[in-house]
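> Prediction below, plus the sequence it came from.
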Amino acid sequence: MEILGIDIGGSGIKGAPVDTQTGQLTKERYRIATPKPATPKKVVGVVQEIVEHFEWKDAIGCAFPARIKKGIARTAANVDKSWLGTNVESLIEERTNCPAVVINDADAAGVAEMAFGAGKNRKDIVMLLTFGTGIGSALFVNETLVPNTEFGHIELHGSSAEHYAADSARKKDDLKWGEWAQRVQEYLDVIEFLFAPDLIIIGGGVSKPNKREKYLHDLYTNADLMTAELQNEAGIIGAAYRARQLLVASD
Ligand code: BGC
């Protein structure tokens, strides 16, 4: 079954049809810069442009950088505050005329890694952490997602950990990779102390091969430590995969 996967991010909104059996994109990814300000109306307009680009008339799976409960955005840490309380799912369905499932972006990336990437066949406790503008988290127990965890907001040095250890903090504070790795290490120590995962997967832009070599050797965990395999496409693939699971279950 093919589903159109869409990943809404702070700088770009990307989409592609996904073969949900294999996790492969069936057409080249299409990206549009995120409108500024990224209000619901403007962002959903871009989603519609992506739908039109692929002449899509079927189900959509969408990854969004907030907690999503029953289609509704319940946090807005790194998105326009006007999203709070917005039913993202209905908004997309009304605009595109396609059935839509919307899930948290880190959950989407995690779902993709569990099905097709670094977490494949891992039945123990797996945590994917994405380091980007914020820190996103996805928790799996025996391959089942515990959705909507927000471990990027665990307190570290008096504020959300993401303000200290996200990739945006590295850029903002002009840190060398080694200095940033020390911050990530502090964060991972807290994560390990609280949750004792068996595998930690590092995702987001910093999981790209040319970046991971700059800090990975500085990190020490009791858990197995891996970087995401699907990188850029994880959100698209995971959102589509999850949409298939949820839409088939509700048939
Ligand atoms: C948000 C999460 C999101 C993460 C990564 C955090 O600030 O609260 O919902 O998954 O950023 O985008």
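Received it, and whenever you're ready, just let me know what you need.
> Show me which residues of the longest helix along the chain are buried.
In the chain, taking DSSP state H as the definition, the longest helix is helix 177-195. Going by neighbour count (16 or more other Cβ atoms under 10 Å), the buried part of helix 177-195 is 180, 181, 183, 184, 187, 188, 191, 192, 195. Every C-beta, even on glycine, is put in place using the N, C-alpha and C of the backbone.
> Low-confidence stretches in the chain?
Scanning the chain with the threshold set as pLDDT under 70 gives 251.
> got the residues of it near the ligand?
The chain has residues 65-67, 75, 77-78, 104-106, 130, 132, 134, 136, 150, 152, 162 near the ligand, with proximity defined as Cβ under 6 Å from any ligand atom.
> Wait, a helix at residue 110?
Yes - Residue 110: assigned to a helix according to DSSP: H, G, I helix; E, B strand; the rest coil.
> Phi and psi next, for the nearest residue to residue 225 once chain neighbours are set aside.
Of all residues not flanking residue 225 in the chain, residue 200 sits nearest, at 5.3 Å (Cβ to Cβ, 6 or more residues apart in numbering). When read as degrees, to the nearest 10, the backbone of residue 200 gives phi -110, psi 130.
> My understanding was that residue 200 contacts residue 191; is that so?
Yes - counting by Cβ atoms under 8 Å, residue 200 touches residue 191, with 7.2 Å between them.
> so what's residue 132 closest to, chain neighbours aside?
Sequence neighbours aside, residue 204 is the residue nearest to residue 132 in space, at 4.2 Å (criterion: Cβ to Cβ, 6+ apart).
> That neighbour: neighbour count?
Residues within reach of residue 204, counting by other Cβ atoms under 10 Å, total 27.
> can you tell me which residues contact it?
Listed by Cβ atoms under 8 Å, 6 or more residues apart in numbering, the contact partners of residue 204 are 109, 130, 131, 132, 136, 167, 228.
> Could you check how far the third one is from residue 143?
When Cβ to Cβ, to the nearest Å is the yardstick, residue 131 and residue 143 sit 24 Å from each other.
> And those two? Which one has more around it.
When residue 131 and residue 143 are compared for neighbours, residue 131 comes out ahead with 26 against 14, by other Cβ under 10 Å.
> what's across from that one in the sheet?
With DSSP bridges as the criterion, residue 131 is bridged to residue 135.
> what about the closest residue to residue 146 other than its chain neighbours, which helix or strand?
Spatial nearest neighbour of residue 146, excluding adjacent residues (Cβ to Cβ, 6+ apart): residue 139 at 4.5 Å. In the assignment (DSSP states H and E), residue 139 maps to strand 135-141.
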